[in-house]
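Student: Compute the structure for the input listed below.
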Amino acid sequence: MSSAARAADADLVRNGGFEAGLDNWTCTAATTVDSPVRSGSSALRATPSGSHNAPCTQTVTVKPDSQYTLSGHVRGAYVYLGATGTGTTDVSTWTQSAPDWQQLTTTFRTGPSTTRVTLHTHGWYGTGAYLADDISLTGPGADTGVPPAPPTGLKAGSVTPTGVALSWSPVSGATGYAVYRDGTKIRTATGTSTTVTGLTPDTAYAFQVTAVNDAGESAKSATVTATTAAGTDGGSAGLPAHALVGYLHASFANGAGYTRLADVSDSWDVIDLAFGEPTSVESGDIRFTRCPVAECPTVESDADFKAAIRAKQAAGKKILISIGGQNGQVRLTTTAARDTFVASVSKIIDEYGLDGLDIDFEGHSLSLDADDTDFKNPKTPVIVNLISALKTLKAKYGDDFVLTMAPETFFVQLGHQYYGTGPWGGQDPRAGAYLPVIHALRDDLTLLHVQDYNSGPIMGLDNQYHSMGGADFHIAMTDMLLTGFPVAGDADNVFPPLRPDQVAIGMPATVNAGNGYVAPAEVVKTLNCLTRKTDCGAYATHGTWPALRGLMTWSINWDHFGGREFQRTFDGYFG
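Tutor: Have a look, this model is predicted:
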């Protein structure tokens, strides 16, 4: 290489010495430390587990058909450094043991059309923590130009108790925008508007925006301030301060037997009619068929069923249609399916005069495409189309429309560790797949009641695994929803907390209803810990939430079969 060519080379890695924490890096189970360091004041420390190798990645802009040298200093057992997406042969180098700082170096040539490559360092499964410092990629710098100008015209639009809509004028040459709240970057946007959510009611916030391209980030825009609306009195969508939610087997019978709607106790505040199901997995055409007489000999007539709905509503109860369930796989892969979903669900709601909709998508209804890595900006069709459909239904029926969701822990809290297929592929694409739906609809969501049952062990915010069988599991899982949590172990990518009035805890009514049943004493311990900070056991919660909405169970039928134990526990606690 000539001296002129070498003079044009540059180090393309941003924050390669981790002096700015994990900025510009996407990491799992990682942090920065001030000792030991190879140079400067910080280094990366990441800890693999039995299920991940603690990767850290950064995507950089390169020139096509050019030679690059990747280098970094590492410590630990089994530490790797490499590059993918080179357009030629992806490279990786590693050391089996580096008790002190050891340099790893490899080279590659980009393909004729390659403009971006992803650099990575990682350890190996279950082999302990590793350290990395002074990572560099030396080679021809891409012609990225100059950073864009600061955005102008920033203004605040509609506000809710927990959200503020922002918009600004487009900036020439910008590929994206960064949004700052009170001086801290909170999200990125590809367009010229966004809604900031997860805010506190009746609170003033200051917002700024920057424009971004491959050359860097602009200066910040002028500041705009906005004050969120005052909060509600805890009765969102007409619910009582503490609500009991249950599913009623309306379309089938099982060992619990059939329960007529008119015979459901007045203790139940939200009754989810289970289930509306699609005509085929991808049709979006939802049908609700009541249990036939041959299967449910005591089933009431349609006229009596509708009369019971009116009577329950007159008593202040909310009756919803629940879509999905174990057998009702729904994948809205196209906009046509989305529109059919909206039309068919509306038809059910209108026919029976229902108060809203519960989304109980299970199995393979929701999964993330391999390139869908940002829960705040999803692009997988089944996710995007579901969000659009639910927003359309909410807008159609107005503020009193009750929207609830009942995902499994696999689709929500597991996202703390794993999100989609992961940076290296191979993970279950369903991991955390409800997070973008919940996040996009958090201002429209009446209740989230995660199914804390039929679940494997889940890592909580204490970095310990929690298993079903006692109050601890419900406390840890609910604390995550009310505190917020890093997604895929990335401390810079946090799923914001929900309001306590949006959260109910899902439990099986009896040992027959599902794995994870807990006795009434454990239910009481759970509620005491979360609402009063007593009976918490070993898990330290991150707050106390007396406004926690309540409990959900599968199911009203099973509770009736079991002597109404779940209902009586709720009534005894909340009065």
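
Student: CA only for contacts and neighbour counts going forward, please
Tutor: Noted.

Student: Need phi/psi at the residue positioned nearest the centre of the chain.
Tutor: With distances taken as C-alpha atoms, centre = their mean, the residue of the chain nearest its centroid is residue 435 (2.0 Å). Backbone torsions of residue 435, given as degrees, to the nearest 10, read phi -60, psi -50.

Student: That one against residue 410, yeah?
Tutor: No: the pair residue 435 / residue 410 is not scored as a contact, 10.6 Å apart, by C-alpha atoms under 8 Å.

Student: what sits against the residue nearest to the centre of the chain?
Tutor: If a contact means C-alpha atoms under 8 Å, 6 or more residues apart in numbering, then residue 435 has 375, 411-412, 415, 495 as its contacts.

Student: State the distance from it to residue 121.
Tutor: According to C-alpha to C-alpha, to the nearest Å, residue 435 and residue 121 sit 27 Å apart.

Student: same thing with residue 437?
Tutor: Separation of residue 437 from residue 121 (C-alpha to C-alpha) stands at 31 Å.

Student: go on, residue 493?
Tutor: Counting by C-alpha to C-alpha, the gap from residue 493 to residue 121 is 19 Å.

Student: Same check on residue 158?
Tutor: 43 Å.

Student: okay, residue 200: pLDDT?
Tutor: If you check residue 200, the pLDDT there is 74.

Student: That one: which element?
Tutor: Per DSSP states H and E: residue 200 is located in neither a helix nor a strand.

Student: That one against residue 161, yeah?
Tutor: Yes: the pair residue 200 / residue 161 is scored as a contact, 6.7 Å apart, by C-alpha under 8 Å.

Student: and for these two, which residues touch both?
Tutor: Taking C-alpha under 8 Å, 6+ apart as the criterion, residue 200 and residue 161 both touch residue 228.

Student: who's more crowded, residue 437 and residue 121?
Tutor: The residue with more neighbours, out of residue 437 and residue 121, is residue 121; 26 against 21, by other C-alpha atoms under 10 Å.

Student: check contacts around that one.
Tutor: Residue 121 neighbours (C-alpha under 8 Å, 6+ apart): 55-57, 79-82, 132.

Student: Spatially, which two of those are the most separated?
Tutor: Greatest spacing in the contacts of residue 121, by C-alpha to C-alpha: 57 and 79 (13.7 Å).

Student: Those two: which is more packed in?
Tutor: Taking neighbours as other C-alpha under 10 Å, residue 57 and residue 79 compare with residue 79 leading, 25 against 19.

Student: Paired strands for the helix or strand that contains the more buried one, with orientation please.
Tutor: If you go by DSSP H and E, residue 79 is part of strand 67-84. Using DSSP bridges, strand 67-84 pairs in its sheet with strand 91-109 (antiparallel), strand 116-122 (antiparallel), strand 130-140 (antiparallel).

Student: most neighbours per residue, which of those?
Tutor: Burial of those is given as mean neighbour count (mean count of other C-alpha atoms under 10 Å); strand 130-140 ranks first at a mean of 24.

Student: Just the residues contacting that strand, thanks.
Tutor: Residues outside strand 130-140 that contact it (C-alpha under 8 Å, 6+ apart): 6, 8-13, 16-18, 37-39, 42-47, 62-63, 66-77, 79, 121-123.

Student: Which ChimeraX command selects the buried ones in those residues?
Tutor: Here is the ChimeraX command that selects the buried residues among these (16 or more other C-alpha atoms under 10 Å):
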select :9,11,12,13,16,17,18,37,38,42,43,44,45,46,47,62,63,67,68,70,71,72,73,74,75,76,77,79,121,122,123
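
Student: what sits against the spatially closest residue to residue 425 that is not a sequence neighbour?
Tutor: Using C-alpha to C-alpha, 6 or more residues apart in numbering and skipping residues adjacent in sequence, the residue nearest residue 425 is residue 370, 7.4 Å away. Shown in contact with residue 370 (C-alpha under 8 Å, 6+ apart): 420-422, 425, 429.

Student: you'd agree residue 370 is in a helix?
Tutor: No: Residue 370 is assigned coil when assessed by DSSP: H, G, I helix; E, B strand; the rest coil, not a helix.

Student: So it versus residue 379, what's the distance?
Tutor: Taken as C-alpha to C-alpha, the span from residue 370 to residue 379 is 10 Å.

Student: same question, residue 445
Tutor: From residue 445 across to residue 379, the span is 21 Å (C-alpha to C-alpha).

Student: ranges for the helices of the stretch 451-575 of the chain?
Tutor: Counting by DSSP state H, counting those that start in this stretch, the stretch 451-575 of the chain has helices at residues 471-483, 520-532, 556-561, 565-574.

Student: Pull the distance from the shortest one to the chain's centre.
Tutor: For helix 556-561, the gap between its own C-alpha mean and the chain's C-alpha mean amounts to 31 Å (C-alpha atoms, centre = their mean, to the nearest Å).

Student: pLDDT averaged over it, what's the number?
Tutor: Confidence for helix 556-561, expressed as mean pLDDT, is 96.

Student: same question, the first one
Tutor: Per-residue pLDDT values across helix 471-483 average out to 97.

Student: can you check the last one too?
Tutor: On average, the pLDDT along helix 565-574 is 96.

Student: so what secondary structure elements neighbour it?
Tutor: helix 520-532, helix 556-561 (3 or more C-alpha pairs under 8 Å, 6 or more residues apart in numbering; DSSP states H and E).

Student: how does it look with 6 Å?
Tutor: Using 3 or more C-alpha pairs under 6 Å, 6 or more residues apart in numbering; DSSP states H and E, no helix or strand is in contact with helix 565-574.

Student: and if you look at the shortest one?
Tutor: On a contact count with 3+ C-alpha pairs under 6 Å, 6+ apart, helix 556-561 meets strand 243-249.

Student: Paired strands for the helix or strand that the strand it packs on is followed by, with orientation please.
Tutor: Per DSSP H and E, strand 243-249 leads on to strand 270-278 as the next helix or strand towards the C-terminus. Strand pairing for strand 270-278, determined by DSSP bridges: strand 243-249 (parallel), strand 286-287 (antiparallel), strand 318-325 (parallel).

Student: what sits up against strand 270-278?
Tutor: The set of residues external to strand 270-278 that reach it, using C-alpha atoms under 6 Å, 6 or more residues apart in numbering, is 245-250, 285-288, 317-324, 328.

Student: Kindly report the same for stretch 83-93.
Tutor: So stretch 83-93 is contacted by 80-82, 110-111, 114, 117-119 (C-alpha under 6 Å, 6+ apart).

Student: Check which residues of that stretch are buried.
Tutor: By neighbour count on 16+ other C-alpha under 10 Å, the buried set for stretch 83-93 is 83-87, 90-93.

Student: Could you work out the most separated pair of the contacts of residue 435?
Tutor: Across those, no pair lies farther apart than 411 and 495, at 13.1 Å, counting by C-alpha to C-alpha.

Student: got the buried residues for stretch 544-557?
Tutor: 544-557.

Student: what stretches of the stretch 101-250 of the chain score poorly on pLDDT?
Tutor: Applying pLDDT under 70 to the stretch 101-250 of the chain flags the ranges 143-144, 198, 231-237.

Student: For it, just list every one of the strands.
Tutor: Ranges of strands in the stretch 101-250 of the chain, per DSSP state E, counting those that start in this stretch, are 116-122, 130-140, 155-159, 164-167, 176-181, 184-189, 193-196, 204-213, 216-217, 224-227, 243-249.
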